[in-house]
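Novice: model this:
(one chain, ligands or ions: 1)
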Amino acid sequence: MRWLQDPILDVQHLTMRFGGLVAINDLSFQAGRGDITALIGPNGAGKTTVFNCITGFYKPTEGMIALRKPDGSHMLLERLPGFSINWKAKVARTFQNIRLFSGMTVLENLLVAQHNSLMIASGFTFLGVLGIGGYRKAESDAIERAKYWLDKIRLTDRADDPAGDLPYGAQRRLEIARAMCTDPLLLCLDEPAAGLNPRESHELNALLLSIRKDHATSILLIEHDMSVVMEISDHVVVLDYGTKISDGSPSEIRSDPRVIAAYLGVADEEVEQVASEIGA
Ligand SMILES: Nc1ncnc2c1ncn2[C@@H]1O[C@H](COP(=O)(O)OP(=O)(O)OP(=O)(O)O)[C@@H](O)[C@H]1O
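Specialist: The predicted model follows:
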């Protein structure tokens, strides 16, 4: 249970209210370093709101979100300005609806993601951009990184095509590659398998498993496709009406009567009956 022994993300007592609506209610969970952690739950359970709090789009009403770095230090994400969560805390995300720069080429999408590191290398000066200091080196590193990811998502032959011309599944992979070009410690993926056919979904699983194997990036994933969740996750956290109802390995989650009841829309008092019917 890496999520308890070495959490990269530690969410404590997170609450998010919108007026009278409690979208997340006193939620605590951990995501393990090096793990693929899935956040699941019925529609409206609060999953995207959790992502929006982690990535700085919303300031939580209450609670703490700690990102633990490999050196043991931590950053409290709820205290960071949203724009610096990506480059200071090294948290990257994708969205439910694809948000590529569709008029830019595939390669440009991967290079533009590295703009921050290039500007830091330039010292934010014109002379820096002209090539004095580390900018040239940073620029060639950025191109190498883009080439690596193009190869990894098998889009090298489409590098000069507008991203908007790619098939849907390839756009999804490009979005993940673009996020990976920022070299994140934590990659948050909002429904990456939505709209994919079975072959594309299989390719996505392979990409995520290879990120886990080859990179120091932990993955937090919102996903409705249970075949993806059960096949690649190390740990699953289940939300219902903004509250955590279960937390464990995929096999523990699969047989938890509260999870089954939430998905089937069963009332609390009928949970035991459902559990006995399915033999959980
Ligand atoms: N900006 C907002 N203002 C008001 N209510 C919001 C806002 N964002 C989310 N909500 C509400 O918070 C609740 C949780 O929504 P959220 O989008 O986080 O759920 P979800 O689990 O991601 O759902 P889905 O699986 O359908 O994407 C919903 O009732 C939603 O209407």
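Novice: What score does I132 have for pLDDT?
Specialist: I132 carries a pLDDT value of 61.
Novice: should've said D183
Specialist: We have a pLDDT of 90 for D183.
Novice: Test my guess that it contacts N86.
Specialist: No: using CB atoms under 8 Å, D183 is not in contact with N86; the gap is 10.4 Å. For every residue, glycine as well, the C-beta is placed using N, CA and C.
Novice: between those two, who's got more neighbours?
Specialist: Here D183 and N86 are compared on neighbour count by other CB atoms under 10 Å; more neighbours surround N86, at 19 against 16.
Novice: was I right about the more buried one contacting A113?
Specialist: No: taking contacts as CB under 8 Å, N86 lies outside contact range of A113: 9.5 Å.
Novice: in stretch 219-236, what's buried?
Specialist: Neighbour counts over stretch 219-236 (16 or more other CB atoms under 10 Å) mark 219-223, 225, 228-229, 232-236 as buried.
Novice: Overlap of the contact sets of N86 and A113?
Specialist: T182 (CB atoms under 8 Å, 6 or more residues apart in numbering).
Novice: Can you get me the start-to-end distance on stretch 76-88?
Specialist: Terminal residues of stretch 76-88 are spaced 11 Å apart (CA to CA, to the nearest Å).
Novice: Run through who's touching that stretch.
Specialist: Contact with stretch 76-88 is made by 53-57, 59-60, 63-67, 75, 89, 91-92, 116-117, 182, 184, as judged by CB under 8 Å, 6+ apart.
Novice: Which among these count as buried?
Specialist: Neighbour counting by 16+ other CB under 10 Å classes 53-56, 60, 63-67, 75, 89, 91-92, 117, 182, 184 among the contacts of stretch 76-88 as buried.
Novice: just checking, which of those residues belong to strands?
Specialist: Counting by DSSP state E, the buried ones among the contacts of stretch 76-88 place G63, M64, I65, A66, L67, M75, V91, A92 in strands.
Novice: Got the domain ranges for the chain?
Specialist: Per automatic domain parsing, the structural domains of the chain span 1-90+183-250, 101-182.
Novice: Return the list of strands paired to the stretch of helix or strand V238 belongs to, each annotated with direction.
Specialist: Using DSSP states H and E, V238 sits in strand 235-240. Here strand 235-240 has these sheet partners by DSSP bridges: strand 36-40 (parallel), strand 243-248 (antiparallel).
Novice: looking at those, which is closest to the ligand?
Specialist: Ranking these by their distance to the ligand (criterion: CB to the nearest ligand atom) puts strand 36-40 first, at 8.4 Å.
Novice: what residues does that closest one touch?
Specialist: So strand 36-40 is contacted by 3, 9, 31, 47, 50-51, 208-209, 212, 218-224, 226, 229, 232-239, 253 (CB under 8 Å, 6+ apart).
Novice: Of those, which are in range of the ligand?
Specialist: Residues of the contacts of strand 36-40 in contact with the ligand (CB under 6 Å from any ligand atom): K47.
Novice: Mind checking which of the contacts of strand 36-40 land in helices?
Specialist: Using DSSP state H, the members of those that fall within helices are W3, K47, V50, F51, L208, L209, R212, M226, V229, I232, I253.
Novice: Tell me how many other residues crowd the residue nearest to T94 when sequence neighbours are not counted.
Specialist: Nearest residue to T94 in three dimensions, chain neighbours excluded: E175, at 4.7 Å (CB to CB, 6 or more residues apart in numbering). A count of nearby residues for E175, using other CB under 10 Å, gives 21.
Novice: cool, S255 as well?
Specialist: Number of residues near S255 (other CB under 10 Å) recorded here: 13.
Novice: measure it to E231 for me?
Specialist: Between S255 and E231 the computed distance is 17 Å (CB to CB, to the nearest Å).
Novice: No further queries at this time; thank you.
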